[in-house]
Structures are given as structure tokens and as C-alpha cells.
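Asks: Could you work out the structure for the sequence below:
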Amino acid sequence: MMLTVAAAFKAVMQTVRDLGTETVPFESAAGRILREPVLADRPFPPFDRVTMDGIAVNYDSFARGQHIFGVEDVQAAGTPQLQLSNTANCIEVMTGAILPEMTDTVIQYEHLTPSEHEGFRRFTVHGAVKKGQNIHRKGSDVDSGSVLIKPGTRIGAAEAGVLATVGQTTVEVSKLPRVVVIATGDELVAVHETPEPHQVRISNVYSLLASLSEMGIPARYVHLPDDEAAMKDQLLPLLAETDIWISSGAVSAGMFDYLPAVLQQLGMQQVFHKVQQRPGKPFLFGTFKDGPVVFALPGNPVSGFMCFYRYIHAWIQSAMGAALPEPCYAQLSEKVIFDAALEYYLPVKLQSQPNGILVAIPQPYQGSGDLASLLKADAFLTLPLEESVFEKGSSYQVWKFR
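Replies: Numbers count the residues shown, from 1 in each chain. Below you'll find the predicted structure:
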């Protein structure tokens, strides 16, 4: 019995398991999934921080009508805190410096006129001054001990900066899954070879390897011949050393589609085989007890590509402790008719309109073997199986791959 996409996705996600954690240097953590909270080791900012170049004054002096301030000293960024000795004077301050003691207001240079009297530098204030202006107050961003980054966050540029700021030199992250990508078929030859008329170069696995690489996951691949015994011999050693198998081809009903039988001979428990979707209908999914999960994808390139972003991407994200992204929706730019009782994944180009609406523009598409159709597309638009006519302007979920 064929499952709906929703049922197949649910079945896939029910097999998600924690892949464990490891500790890595924070400099090497970009792209990894955080598995511990990152805490503020002190208030943010850690001191009353000057936000404009200018002078620091005691506001009460200005409020009493004083507009000329003599300079006592200069507070540069990175120097210990100075103290104003006479509230009738000021201290020049630079952006990023700690606010001097006995001052509470910073007046930027743009509102000052410098002068000198008997070798003593001073400034005349022009315009209004507000008490406490141009100061980033200690702890106004977060208090000491606050959670800055939650577990499950993918570490990017902003997170790396925060890790450095709090002095966290190592960080606990999810282990990367051990993945093998499996090509099948005697018709496949290496990329550097010139294929005979009856052959094609291996390509599907490279799309899958690139998709994994974009997730920060290294993987290796093997090429299986259309031979049942040889398939079994090559796959058996991989059982104990991998977490995920992603195969391409040999899962339909052809005479040489041995892979489903071989997988079951090796001990795989089949969860489902065939889903009510186009492309990707022959998709097979199974699990090994104490072994890898198996995503056996159809050999047509668009089919396998779509299944990766619809199912595999989510499984890996969840296994590494990352939250799945919020659903994204787009409006069709034109009417589409599809009357098969299948959930249709249509390659589309996404375009953001000035009114903020995301529009999905269907791309010319010659079926699941048309790999080149993906070059101008950004995503797959989901057209539900319950409908057959999809009007211009109607909104549906999209699965981005670019």
C-alpha cells in the first residue's frame, strides 16, 4: 500500500535517533549544531560604554547653565577607568571606552566647538543635551548568567562572535552522521570517462554529496553493479560503520532492481516502499536494528533530489538536535493543472515582490529525468493530491534547495 507524503514523512521522522555529541574548538564549530547553552560570563556590556567620540560631563553642571568645559584628560578605549576631579570640567572620551567616574553624559564632537585658553583645552557645547545620552549602560543587553545561545542552534557568524566574547574556547556540538551515498547501475561510468552510447556518467551521487556538504556533512560514496551477490558483498561491511545510507536507483520494479531484496537479506526492516508523490514515487525507506537508516531513492535525478530535501534533510537536522525551519509558502504565478492522484513537487523559481509576497514561477520541466530543469529553480512547490487545478495566486508550501 502506497503511503501519502504526510504518512511517509511521519514514519521517517519516527526513526530519528540522537547521534551523540562531541566537544570541538570554537574556531571549528561554524555550521555545527550546538548541544549546550552558552551563558553570558559577565553583563553585556560589561561596563558603561561610550558610544560616541566626544566629552563626558556631569550633567548637573550643564543643567545649571554651564556650556564651556575644560578638558582634564582623555579616556581611550581599552584603558582603565579615569575619574573626573572637578565636575565643572570634562574628560574627552572615545567610542568603546569605559565611562569615567563622576560623569553621566556624553556630548559628541559634532555638538562642540574646541578652543584653548592659556594652554588649557576646552569645549563649548552647542544645542540641547539629554542626561545619559550616548552611553550603552552596563548589563542593558543581558545580565551575567543569561542564556545567550540555546541548544539546537546552528553556529554561524554571529554565534561564533558570541562564543569568543564569553571566552568559550570549546563547545559541545552534535556529532556529524556517518553517511555513505550509494550509486547503482552498470550503465554508470566515472565522471572523467567518456561514456559509450548506452552509458551515462555518475551524477546523482554528486548532487547528494553536495547537498550533504552544504549541511556541513562529509560523506563517501560507493558504486554497486547490477549484481545481487556483489551488492550484498559491498554493503555488508558498511553496516557497522555508518549511520545513514542514501542510495540512488535500483528500487523500482525492473528486472535488475535487486536493491530492495538485498537490503532485506542484510536485515533491513522495510518501513515503506512507494509514496503518493511525483517525482519520487518508488522511494523506499527502512532501518537496521543498531545500524543505519536507509533512504533508497529512485534513480531519476529530480526524484532523488526532491526526496533529499523533503525527507532526508529533516531527518538529519532532527538527529543532530536542530529545530526544523518554519514552513515557507509562495503564491503561484500562473495556473497549473495536474490531475494524477499524487502530491506533486513542481520545480519553481522564487521571486519576492515589492509588496512582500513570495511568488513561485514554474520552470519548464520534462519529468523526473530532467536534471537541467533544476538549474533555474530554487525550490519545489507542493501541490496537494486532493486537488487537480491550482489557480494563479493560490498559496502552497515550498521546499527550498537554493
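Asks: any idea where the helices of this structure begin and end?
Replies: Listed in chain order, the helices of the chain (DSSP state H) span 5-13, 59-63, 157-165, 204-214, 228-235, 259-265, 301-307, 313-319.
Asks: I'd like to know which of those helices is closest to residue 352.
Replies: Minimum separation from residue 352 across those (C-beta to C-beta) falls at helix 204-214, 21.6 Å. (C-beta placed from N, C-alpha, C; glycine too.)
Asks: and among the helices of the chain, the most buried is which?
Replies: Mean neighbours per residue, mean count of other C-beta atoms under 10 Å, is largest over the helices of the chain for helix 301-307, with a mean of 26.
Asks: and the most centrally placed residue in the chain, what does it touch?
Replies: Computing the C-alpha centroid of the chain and ranking residues by C-alpha atoms, centre = their mean puts residue 154 first, at 6.1 Å. By C-beta atoms under 8 Å, 6 or more residues apart in numbering, the contact set of residue 154 is 31, 32, 33, 34, 322.
Asks: Flag the shaky bits of the stretch 101-250 of the chain, pLDDT-wise.
Replies: Counting by pLDDT under 70, the stretch 101-250 of the chain contains no low-confidence range.
Asks: What ranges does it have for its strands?
Replies: Taking DSSP state E, counting those that start in this stretch as the criterion, the stretch 101-250 of the chain carries its strands at 105-108, 112-117, 120-125, 135-136, 147-149, 170-174, 179-184, 188-189, 200-201, 219-224, 244-248.
Asks: Which of those strands sits closest to residue 18?
Replies: That would be strand 170-174 among these, by C-beta to C-beta, at 8.2 Å.
Asks: That closest one: which residues count as buried?
Replies: Buried residues in strand 170-174, counted by 16 or more other C-beta atoms under 10 Å: 171, 172, 173, 174.
Asks: Can you spell out which residues form a bridge with the first one?
Replies: In other words, residue 171. residue 24 (DSSP bridges).
Asks: Surely it and residue 30 touch.
Replies: No: in this structure, residue 171 is not within contact of residue 30 by C-beta atoms under 8 Å, at 10.6 Å.
Asks: show me the contacts for residue 199.
Replies: 187, 188, 189.
Asks: same question but for residue 86, I mixed them up
Replies: Taking C-beta under 8 Å, 6+ apart, one finds residue 72 in contact with residue 86.
Asks: Just the pLDDT for it.
Replies: At residue 86, the model reports a pLDDT of 97.
Asks: got it, and residue 257?
Replies: 80.
Asks: Check the burial of it by counting its neighbours.
Replies: 17 (other C-beta atoms under 10 Å).
Asks: ok, now the one 10 residues further on?
Replies: Residues lying near residue 267 (other C-beta under 10 Å) number 14.
Asks: separation between it and residue 289?
Replies: Separation of residue 267 from residue 289 (C-beta to C-beta, to the nearest Å): 7 Å.
Asks: I'd like the helices of the chain laid out as a markdown table, including distance to residue 391.
Replies: What follows is the helices of the chain, written out as a markdown table (distance: least, C-beta to C-beta, whole Å):
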| stretch | distance to residue 391 |
| --- | --- |
| helix 5-13 | 21 |
| helix 59-63 | 64 |
| helix 157-165 | 41 |
| helix 204-214 | 32 |
| helix 228-235 | 47 |
| helix 259-265 | 39 |
| helix 301-307 | 23 |
| helix 313-319 | 29 |
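Asks: mind checking which of those helices is nearest residue 381?
Replies: helix 301-307 (11.0 Å).
Asks: what do residue 171 and residue 30 both touch?
Replies: Contacts common to residue 171 and residue 30, judged by C-beta under 8 Å, 6+ apart, are residue 155.
Asks: From one end of stretch 262-271 to the other, what's the distance?
Replies: 15 Å (C-alpha to C-alpha, to the nearest Å).
Asks: so how far is it off the chain centroid?
Replies: In terms of C-alpha atoms, centre = their mean, to the nearest Å, the centre of stretch 262-271 is found 33 Å from the chain centre.
Asks: Going forward, count from 8.
Replies: Understood, numbering begins at 8; the last thing we discussed is stretch 269-278.
Asks: Need the contact partners of it.
Replies: Contacts for stretch 269-278 (C-beta under 8 Å, 6+ apart): 18-19, 22, 235, 238-239, 242-243, 246, 267, 291-296, 298, 301, 303.
Asks: one more time with 6 Å, if that's ok
Replies: For stretch 269-278, the external contacting residues (C-beta atoms under 6 Å, 6 or more residues apart in numbering) are 18, 235, 238, 239, 292, 293, 294, 295, 301.
Asks: Once you drop chain neighbours, what's closest to the fourth one?
Replies: Same thing as residue 239. Nearest residue to residue 239, sequence neighbours excluded (C-beta to C-beta, 6 or more residues apart in numbering): residue 269, at 5.2 Å.
Asks: what's the pLDDT at the one you found?
Replies: 94.
Asks: what do you get for residue 401?
Replies: Reported pLDDT for residue 401: 97.
Asks: Tell me who's in contact with it.
Replies: residue 339.
Asks: again, 7 Å this time
Replies: Contact analysis of residue 401 by C-beta atoms under 7 Å, 6 or more residues apart in numbering lists 338, 339.
Asks: I'd like to know which of the buried residues of strand 177-181 is nearest to residue 408.
Replies: residue 181 (22.2 Å).
Asks: Roughly how far does the closest one sit from residue 342?
Replies: Here residue 181 is placed at a distance of 44 Å from residue 342 (C-beta to C-beta).
Asks: what does residue 87 give?
Replies: Following C-beta to C-beta, the distance that separates residue 87 from residue 342 is 71 Å.
Asks: Same check on residue 61?
Replies: 62 Å.
Asks: Who has more neighbours out of these two?
Replies: Remark: of residue 61 and residue 342, residue 61 carries more neighbours, 24 against 12, as counted by other C-beta under 10 Å.
Asks: Thanks a lot, catch you later.
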